[in-house]
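*Asks:* sharing a model that was predicted from the sequence below.
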Amino acid sequence: MIEHKLQRCELDDPKRCQGSGKQGQCPYLSMPESKFCQRHDGRGESAREQAKSNMYRLQVWQERLSEFSEHDKLKSLRDEIGILRLVLEETMNRCRTSSELLTFSSKISDLCLRIEKLVSSCNRLEMKMGMLLDKASALNLAGQIVEIISQHVTDPVVIDAISSGIIDALASLTGD
């Protein structure tokens, strides 16, 4: 850092500090590339460089933030749930003995609580956004799909097979 000493100047000097004090405008010369002397600017060369660096880092993070905020799955927490479940699985895989299980028990418990909270939050979000189908809506949708297929397929045996397949698929999803 270059040390800049305060230097008095003429009252009409164009390089005069723009800061003010008890007696009016500051009587010292401003620092290079600044309108203020070191006293009023309060920052030396390294502080200005650090400010520039901070602004650069903020810009980098802003670009990354924009990438996240413009993503299609912005309001989905499913990826985060998957990551936490992978971490839980890896933690459980480390446990070969009961003493290791006890050692990791607080971390395992914490991960389980976080997963539960994230799953609940994800479910609430998806319900608010209308992304979930209840059982009645799913069966209604299945009926509409079979109706569309029956407009193009005339064989009743094929239509029954498709209908049964769709209902079986829905039952496997709901656990019925």
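*Replies:* Happy to help now that I have it.

*Asks:* quick one: the strands in this protein?
*Replies:* 20-21, 24-25 (DSSP state E).

*Asks:* lowest-confidence stretch among these?
*Replies:* Mean pLDDT is lowest for strand 20-21 among the strands of the chain, at a mean of 76.

*Asks:* on that earlier part again, right, and the strands of the chain - which one's nearest residue 80?
*Replies:* strand 20-21 (52.9 Å; CB to CB). Backbone N, C-alpha and C define where each C-beta goes, glycine included.

*Asks:* what is whichever helix in the chain runs longest packed up against?
*Replies:* Secondary structure of the chain per DSSP state H: the longest helix is helix 98-128. Helix 98-128 sits against helix 78-94, with contacts defined as 3 or more CB pairs under 8 Å, 6 or more residues apart in numbering; DSSP states H and E.

*Asks:* could you give me the buried positions within the helix it packs on?
*Replies:* Going by neighbour count (16 or more other CB atoms under 10 Å), the buried part of helix 78-94 is 81, 84, 88.

*Asks:* over to stretch 24-31?
*Replies:* Neighbour counts over stretch 24-31 (16+ other CB under 10 Å) mark 26-31 as buried.

*Asks:* next: stretch 147-167.
*Replies:* For stretch 147-167, the neighbour count (16+ other CB under 10 Å) marks 163, 166-167 as buried.

*Asks:* pick the one among these closest to residue 99.
*Replies:* Once CB to CB is applied, the member of the buried residues of stretch 147-167 that ends up nearest residue 99 is residue 167, at 49.5 Å.

*Asks:* check contacts around that closest one.
*Replies:* When contacts are counted by CB atoms under 8 Å, 6 or more residues apart in numbering, residue 167 touches 139, 142.

*Asks:* how far away is it from residue 13?
*Replies:* According to CB to CB, to the nearest Å, residue 167 stands 90 Å off from residue 13.

*Asks:* kindly report the same for residue 136.
*Replies:* 83 Å.

*Asks:* and the two? Which one has more around it.
*Replies:* Taking neighbours as other CB atoms under 10 Å, residue 136 and residue 13 compare with residue 13 leading, 13 against 8.

*Asks:* my guess is the more buried one meets residue 28, correct?
*Replies:* No - if you go by CB atoms under 8 Å, residue 13 and residue 28 don't touch, sitting 9.8 Å apart.

*Asks:* residue 145 and residue 165: what is the separation?
*Replies:* Here the criterion is CB to CB. By it, residue 145 lies 11 Å from residue 165.
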